[in-house]
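Asker: what's the 3D shape of this:
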Amino acid sequence: MEAEPFHITNQMFESAPVEMPSRSGAERRVLDDRRRNPPARFGLQRRAQSNFRRHFLRGLRRFAVLLTADLGSFYIMRELVRAVREGGVLGETVAGQVQGVVPTGILNGWQFAAALFVGLLVLGSYGAGDRRRGAKRLFLACALATALPLWMTIWTRGVELVALQYGVTATVVWLGLLAERRLLESVIRQVRPRPSDTLTTLFVGPSEACRATAATPAFAVDSEYRPIGFVDTHIPPSRNALGHIVDFARVLHETAAEAIVVCGYLGDEPFRDVVDAALTSGCKVLSVPRSVSVAGVEPHLVWRREQALVELTTPTLRGGQMLAKRVVDLVGATIALILAGPVMLFVAMLVRFDSPGPVLFRQNRVGRGGRLFKIFKFRTMVAGAEERRDELLERSIYPDRRLFKVIGDPRLTHIGGWLRRTSLDEFPQLFNVLKGEMSLVGPRPPIPSEVELYEAHHYARFDVKPGITGPWQVNGRNRVTDFDHIVALETRYIRDWSLWSDLEILLLTLPAVLRRKGAF
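Answerer: You can find the predicted model right below:
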């Protein structure tokens, strides 16, 4: 649910008793209970996609507004130079001098505009926070943009003249951009003193630290953050706190916060819990500068109105990357279905005539964020095989009940074993990919009864969509029998994700299937 907006008051961040140095036994038991409770994490995982989408759209709007204003500023500067140089606004003498320094063609329309765009983009001037209006960064972008079209003229006009042209042109364009960015910021503050797309922000830490941080200009009324309260680390928590830190996942889920600010000092364990829950839900995570040593988390220093903050991010699967992965899934699944269509038709005919029952096997699986979906496979077992699963548990090759596979499964049809060894039974999952329930590459989707046995750290595999193939499959499939090892492989894949890693796994899948190692 959305939290109601409100303004920060001292009463909201009142002083509280001194923080206890360690958790009591009762508190540890409460925390352990919450860690083993999957619905809270599933709720955060389900919200992640919505948060990623909103962050992406905010960035896209910011980029579009800045680009439009930059191009407008450039053309205004260009017309001013023309008015002085060719229109004689300041007299013929000045016009002649300007013609010598900034001759016709040096600010040549779209060519210089394109170079300016490249310079601003490379220098990160379309990013969030103070860097988009930093004078030094803008000057370097203008200097780069001016150097690109002037490079070839060095050989025809000489270094001295080109250096003068370079300095004047870069300075003129820079002054225009600097004024434009400052003016744009001022206009936005006047027109939208409280932007409608602000990030609902939850503070975490001792109440006095939260109060001090919330009072800084970075979180003022006209900033991009809208405070909704704080989670206290004191025992007992302040009466105005939204909860204690052991309740953080619940509070985060109920408030639907989009940004988390860690204030003051938190111990390594609670700090890790806060960061994990926040990043799971797709929140922006900021911290007042402190030592950060959480595995899989990258700290980046950002400035908000001259206040230094540390933004904590996972190195993978953010908004743009998720979009890129989805595009690859759609293109790859479509091409695969076209190429494999005749093979799938042939297999469907074999299954249909081999034994009574449907061609496709549908089963509930747990996907991203704990959502259930129907997975599609070519049927490899006789009708009613699922009802016999429990009686075969003792014959599973895996010692862990969270995994299940039987050698010489009596439920297999005549061609079922062959379909499994060749992985041809997996082809219909391409339709799951097109529907958005699965990805080409990702963790394998478990069945609900297996998920009921999971521990807290196992739920990380639901941060992304499950895949047809993945790190487990290319590392030997059934030869890897330790469940925690499998989860570690999949967690490392999620943490280090890139399009190249997906491509590598896809390329390794074919030889793994052809060798049939660990497949039966």
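Asker: count the residues that sit near Asp482.
Answerer: 12 (other Cβ atoms under 10 Å). Heads up, the C-betas are built off the backbone N, CA and C, glycines and all.
Asker: what sits against it?
Answerer: Residues counted as contacts of Asp482 (Cβ atoms under 8 Å, 6 or more residues apart in numbering) are Asp400.
Asker: read off the pLDDT value for it.
Answerer: According to the per-residue confidence, Asp482 scores 77 in pLDDT.
Asker: quick one: it from Pro445, how far?
Answerer: Distance, Asp482 to Pro445, using Cβ to Cβ, to the nearest Å: 19 Å.
Asker: now do His253
Answerer: Using Cβ to Cβ, we find His253 at a distance of 23 Å from Pro445.
Asker: what about Pro471, distance to Arg492?
Answerer: When Cβ to Cβ is applied, the distance between Pro471 and Arg492 equals 7 Å.
Asker: more crowded one of the two?
Answerer: Pro471 (23 against 13).
Asker: my read: the more buried one touches Val487, true?
Answerer: No - proximity of Pro471 to Val487 does not meet the contact threshold set by Cβ atoms under 8 Å, at 10.4 Å.
Asker: can you show me the helices along the stretch 101-250 of the chain?
Answerer: Using DSSP state H, counting those that start in this stretch, the helices assigned to the stretch 101-250 of the chain run over residues 109-122, 135-150, 154-157, 159-191, 207-214, 248-255.
Asker: hang on, isn't Asp502 packed against Arg326?
Answerer: No - under the criterion of Cβ under 8 Å, Asp502 is not in contact with Arg326, lying 11.7 Å apart.
Asker: between those two, which has more neighbouring residues?
Answerer: Asp502 (23 against 14).
Asker: any idea how far Gln473 is from the nearest residue to that one once chain neighbours are set aside?
Answerer: Excluding the flanking residues, the one nearest Asp502 by Cβ to Cβ, 6 or more residues apart in numbering is Val441, at 4.4 Å. Between Val441 and Gln473 the distance, using Cβ to Cβ, works out to 9 Å.
Asker: overlap in contacts of those two?
Answerer: Shared contacts of Val441 and Gln473, defined by Cβ under 8 Å, 6+ apart, are found at Ile505.
Asker: what about these two, which has more around it?
Answerer: Val441 (29 against 24).
Asker: what angle do helix 109-122 and the helix ranked longest in the chain make with each other?
Answerer: Selection of the longest helix in the chain by residue count, based on DSSP state H, yields helix 38-85. Interaxial angle of helix 38-85 relative to helix 109-122 (axes from the mean of the first three to the mean of the last three Cα atoms, to 10 degrees): 140 degrees.
Asker: wait, a helix at Phe431?
Answerer: Yes - in this structure, Phe431 lies within a helix as judged by DSSP: H, G, I helix; E, B strand; the rest coil.
Asker: and the average pLDDT for stretch 381-399 is what?
Answerer: Summarised as a single mean, pLDDT over stretch 381-399 is 77.
Asker: return the residues in contact with the closest residue in space to Trp174 that isn't next to it in sequence.
Answerer: Closest residue in space to Trp174, ignoring its immediate chain neighbours: Cys142 at 4.1 Å, by Cβ to Cβ, 6+ apart. Cys142 makes contacts with 116, 119, 170-171, 173-174, 177, as judged by Cβ under 8 Å, 6+ apart.
Asker: top of these by number of neighbours, please.
Answerer: Counting neighbours by other Cβ under 10 Å, Val173 leads these with 27 neighbours.
Asker: relative to Arg365, how far out is Ser439?
Answerer: On the measure of Cβ to Cβ, Ser439 and Arg365 end up 13 Å apart.
Asker: look at those two and report which has more neighbours.
Answerer: Using other Cβ under 10 Å, the more surrounded residue of Ser439 and Arg365 is Ser439, with 26 against 21.
Asker: from Arg211, how far off is that one?
Answerer: 43 Å.
Asker: what of Glu504?
Answerer: Look at Glu504 and Arg211: by Cβ to Cβ, they are 49 Å apart.
Asker: next: Arg137.
Answerer: Following Cβ to Cβ, the distance that separates Arg137 from Arg211 is 32 Å.
Asker: cool, Val366 as well?
Answerer: 41 Å.
Asker: kindly report the same for Cys142.
Answerer: Counting by Cβ to Cβ - Cys142 and Arg211 are separated by 41 Å.
Asker: what about the strands in the stretch 201-350 of the chain?
Answerer: Listed in chain order, the strands of the stretch 201-350 of the chain (DSSP state E, counting those that start in this stretch) span 225-232, 243-244, 259-262, 284-287, 298-304, 307-313.
Asker: could I get those strands as CSV with mean pLDDT, distance to Pro206 and mean neighbour count?
Answerer: Compiled in CSV, these are given as follows (pLDDT from 0 to 100; distance: least, Cβ to Cβ, whole Å; neighbours: other Cβ atoms under 10 Å):
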stretch, mean pLDDT, distance to Pro206, mean neighbour count
strand 225-232, 90, 7, 25
strand 243-244, 90, 12, 18
strand 259-262, 92, 11, 25
strand 284-287, 85, 14, 23
strand 298-304, 68, 21, 14
strand 307-313, 71, 17, 17
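Asker: out of the ones you listed, which comes closest to Arg58?
Answerer: Distances from Arg58 to each of the strands of the stretch 201-350 of the chain were compared using Cβ to Cβ; the minimum, 10.1 Å, belongs to strand 284-287.
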